[in-house]
Structures are given as structure tokens and as C-alpha cells.
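Got a sequence here, can you build the structure:
(chains A and B)
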Amino acid sequence: MSLLLERLVNGLADGSIYALLALALVVVFRSTGQLNFAQGEIGAMGAFFVSTLTLAGLPVWLSILFAMVLGFVVSAGVERVVVRPIEHRNPGAVIVALIGVFLGVNQLVAMIWGVDPRSLPSVFPDAADDFMMIGGAPIRIARLGIIGVLIVLLFLLWLLFNKTKIGLAMRAVANNQESSNLVGIRVGSVLVLGWGLAGAIGVLAAAMLAPSAGLTGTLMLSPFLLASVAAVLGGLDSPLGAVVGGLVIGLSEAFIVGYVDFLGADMLLPVMLVILLVVLLFRPSGLFGSARVERV
Amino acid sequence: MSGATLLSVTGLTAGYGPIEVLHGLDFTVAEGEIVVILGANGAGKTTTMRSVSGLIPRHGVIEYAGNDISGAKPDAIVRAGISQVPQGRGTFTDLSVEDNLMAGAYTVRSDTAADLDRWFEVFPRLGERRDQKAGSLSGGEQQMLAVARAMMSRPKLLLCDEPSLGLAPLITRELFRVLGSLRDEYGMSLLIVEQNAGMSLALADRAYVLEIGTIVATGTGDELLADDTIKEAYLGVVN
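Prediction:
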């Protein structure tokens, strides 16, 4: 029972990181219809920046905030400098360009920060004895903190999208760019903002993951793949789907590794892809994606 | 009935890539005037509207209320007081009816609650469905929503791109009645492009006939309604 509880919390914590990344992917996909392959790498870059800032003596939380600003700027720049000029001429080529950005950022990180693994301090109490007993299970506070970060971020995003004018503009642009122009929304600025926001969220996800996973150049590789699966599973245009998808994958990971002996951690991704295939066979637009039925 | 010139378009050319669609249009809309540009499919009606709204690159001089807006961006044109009801309605189908209207008021800085109430009063069906997604409305309701959304930016000039497209005759009649009342009750000026000659010319103070990117005839709505070539080409009346 206590082991189950421990695995549940661990699964939710990992799932929260996938959910954050999947959310970032969905925010971009809804507005531009692009899967941002560089999402994970921009996050990793932010995590290395956090490491530099904390080594310089800044508090961890402040370092994460600064790194999120960096993630915002880099990701917004990718939209403005790479995606938009190419998209006008050949939308399909954007995918290739984004894979290029993925490789470029990955190499840039190696050039700036080297290839030796680093450790990143957690923003939460993360010493050996920083746990509390819940239902007889030792639950690490840092793990609970990650789940809390997801909840707070979801609330902030909900406020942004549903209670602010710029959030309304973002939803409008995601739905119909031409009509957004016609009501006076500067569509280009909204797209830049959406990409920037996604970049910042990606950095947050990486900064949550790095303390337990270790900070390396490949930090975000597997989480990005799992988050992509989560986003497609939930429906690429559904923020709710991204969160549910992320948590489902985090929990599956914890339980498959914990309870299914013959599949270990290495078999996780194939298992997830099979789950994804089965879901898409029956629900092509994902669990929560909109199938686009409308009257004319 | 009509006052000073509000919109003046001179030598407008526009197109897509190497293909020129409009070959130098001249037309005007006066304050409080309803002007119709009549044209068949492919005549350049939508291109004309998209040019005035600043959605596509265009050449020529477009003046609005004495200001040159020839090169202005779409958001500046909305702020100046021109709002468009696009072809095919262009509602935000995933957004609620109310959010569609609030998006329409994106450029308005002051409180818009009173505007919202007013348009729900003018279009009671929209009020009943304010929390429903726009995509679930019927074609006629979506057209009304598109008009109300355009009015939320508090324009002085309303551009309507083929508002009758895909609507039943009875609903088209109701729509044109509403468009007429926008002028009569709110002092709006309207520029409507249409191929429904009968109903639009009956509403129009003045009209232009657009054929393959060139204006080939102009007159009052009544004059054009009585014109034999117009009757033949747009009303299916054979003499």
C-alpha cells in the first residue's frame, strides 16, 4: 500500500513534467499548427542557465525565473526568425527547420556549458531527509513540489486564456488568423507571444526535472518524446488533453517500471507508442482533441 | 441623405503573386451612404474588400475620413473605424458567442458591456446562445454574429463581403433589413459586395458593377435595377 502511494506520487511528479512540456507543445501547435521539435532543447538550455546563475550565487527560484525569460526570448526568436519567414513559402519545410534548431541549440549548449554532467539544486527542500510520511509512505517534498508547480501554472494559464484580453486574442488567433486580423489583433505579435510562453514553460519543466535526472545535454530528449506522445494522446489542440496525457504517461511509467517485471524502464517508450497507436486508431484526434464538427 | 466622402479609393490594383485581380478601381462611399459593388464569381469582390481592410498588398490611393490609409496594417484600419464582415462569416467557431463579440471589441479601450447588451438586443438569438460555441450556430445566426462582431469595434464604415452567400432568401431579407437599420439607426456607412443583385440594389443608394477586376457601370441602386444588361446578367431576366 505504501509502495503504491509512493509510486503514485512519483508517477504524478514525472507526469507533471511531461504535462508541462506537452502544454508548451500544445500552446504552439494551437496557434501555428507546428510541432516545435526544439521545445525540449530550449528547456535544457534554460536549465544550464539556471545552473550558471545558481553557481553565481543567485537563489534557485530567481535563477529559474531568469532562465524562463531566456527561454521566452529564444523561443519567440525562433518563431520570428525561423518559422515565420519559411512558413509563408513552404509550411512543410518548417518541420525540417525546427529539427535544425533542435540540433543547433543542442550543440550550442555543449559549446557553452561543455559535455560534463552537472547537478542542479532543486527549488524545493531536497536533502536526504526532506520527506513526509503520508499513509505510511515516505513522500519526498521535492516530488510534491513539482506537482504543485503544475497546478499553479495551470491556474495561471487558465487566468491568462480566459480572463485577459491578450488570452482571448491568443484563442482567437488559434481559431482563425484572418478573422483575428479583421478585428484588429496583431496576429504576428500574438504568435511570438505564444511561442515565447511555450519556451518559458519548457524551461520550467527542465528546471523541475534536472535536479533528479542530472543535468546533461540529453536531459530533455526522452522527456520531449514522452511529452509529444502525451500531447498527441490528449489531442494536439487541447491543453486539458496535454495535462491528462502527461499524467497518464507519468503514472504508466511508474507502474510499468514498478509492477511489470518483463518490461523495464528501457521498454517504456515502445510501450507508450503502442498505447498511442491504439488510441489513435479509435480516436484520431486524441482523447480530448476537437474533431472539428461544425455547421455551415 | 449622404454627406461628405468617407472612403475614397483611386486606382486600386491588387492581386495574388504575379496575378493581378483588380486593374485600377475607383469608387467612393459617403457618410451615411450604402454602396453596393455588384459582381459575379471571380470579378474581384473579395480582393477589393481584403485590399480596403489591409489584408493583402495593394497599390493605389485609399483615403478614409481624409487620411491616407493606402499602406496601413489591418489593426490600424480597424482602429481608424473600418470593420469587415468577411466572406463565409469567419466567426471564431471554437469560441463562445460572447467571446466572439469580445474579440470584436479588441481595439476598444473603454468599457464594452453596454455594446454587448445592445447587440444582444438587436440579435436576440445571439443573446440566447451567448455561451454556445459559434461553430454550433446555424448559417444565418453565424452571419448575424459576424455582423455584430464587426460592430463591436464601433466602426463608422462597415464592409460586408457577400453577406447573402449560402443563406436562405428569407434570412437574406432579414439580414439586409438589419444592414439597412445600421445606417438608419446608427448612422453607419456601408460598402457591400454582392452577387445577389435584387436585394442588394434595392438597399443601395449607389452601386458599381465590377467585372473581371474593372468597374464597368455605376449608378443609383434603382437605375441599375432598371438596366437591361444588369437584369440579364445578374437577375436572370431575359428580354
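
Let me see the ranges of the strands in the stretch 1-150 of chain A.
A:131-134, A:137-140 (DSSP state E, counting those that start in this stretch).

Please work out which of these is packed deepest.
strand A:137-140 (a mean of 18; mean count of other Cβ atoms under 10 Å in any protein chain shown). (Each C-beta comes from the backbone N, C-alpha and C, glycine too.)

Which strands or helices does that one pack on?
helix A:2-32, strand A:131-134 (3 or more Cβ pairs under 8 Å, 6 or more residues apart in numbering or on different chains; DSSP states H and E).

Select from those the stretch with the lowest mean pLDDT.
Among the helices and strands packed on strand A:137-140, strand A:131-134 carries the lowest mean pLDDT, at a mean of 86.

and stretch A:184-191, which residues are buried?
A:184, A:185, A:186, A:187, A:190, A:191 (16 or more other Cβ atoms under 10 Å in any protein chain shown).

ok, now stretch B:66-86?
Buried, per 16+ other Cβ under 10 Å, within stretch B:66-86: B:69-70, B:72, B:74-75, B:77-86.

Show me what from chain B comes close to chain A.
Counting by Cβ under 8 Å from any Cβ of the partner chain, chain B comes close to chain A at B:53, B:55, B:73-75, B:78-79, B:83-84, B:86, B:90-95, B:99, B:102-104, B:106-107, B:135-139, B:142, B:149-150, B:152-153, B:166.

Can you give me the end-to-end span of stretch B:210-223?
Using Cα to Cα, to the nearest Å, the end-to-end distance of stretch B:210-223 comes to 16 Å.

Let's test this: mean pLDDT of that stretch, rounded?
On average, stretch B:210-223 scores 92.

Give me the contact list for that stretch.
Residues outside stretch B:210-223 that contact it (Cβ atoms under 8 Å, 6 or more residues apart in numbering or on different chains) are B:20-27, B:36-40, B:42-45, B:47-48, B:193, B:200-209, B:224, B:227, B:229-230.

ditto for stretch B:81-89
So stretch B:81-89 is contacted by A:178-179, A:182-183, B:7, B:46, B:49, B:52-53, B:64-65, B:69, B:104, B:139, B:142-143, B:145-147, B:149-151, B:153-163, B:165-166 (Cβ under 8 Å, 6+ apart).

Assign the residue in the stretch 51-200 of chain A positioned nearest to chain B to helix, strand or coil.
Relative to chain B, the nearest point of the stretch 51-200 of chain A is residue A:184 (3.4 Å; Cβ to the nearest Cβ). Classification of residue A:184 by DSSP: H, G, I helix; E, B strand; the rest coil places it in coil.

So which of the helices and strands packed on strand A:137-140 is nearest residue A:89?
helix A:2-32 (15.0 Å; Cβ to Cβ).

Narrow the contacts of stretch B:81-89 to just the buried residues.
Buried among those (16+ other Cβ under 10 Å): A:179, A:182-183, B:7, B:46, B:49, B:52-53, B:64-65, B:69, B:104, B:139, B:142-143, B:145-147, B:149-151, B:153-163, B:166.

Among those, which lie within helices?
Counting by DSSP state H, the buried ones among the contacts of stretch B:81-89 place A:179, A:182, B:46, B:49, B:52, B:104, B:139, B:142-143, B:145-147, B:149-151 in helices.

Farthest pair within those residues?
B:52 and B:139, at 24.7 Å, using Cβ to Cβ across these.

Just give me the neighbour total for residue A:115.
10 (other Cβ atoms under 10 Å in any protein chain shown).

list the contacts for it?
Counting by Cβ under 8 Å, 6+ apart, residue A:115 makes contact with A:216, A:217.

how near is residue B:204 to chain A?
Noted for residue B:204: a distance of 23 Å to chain A, by Cβ to the nearest Cβ, to the nearest Å.
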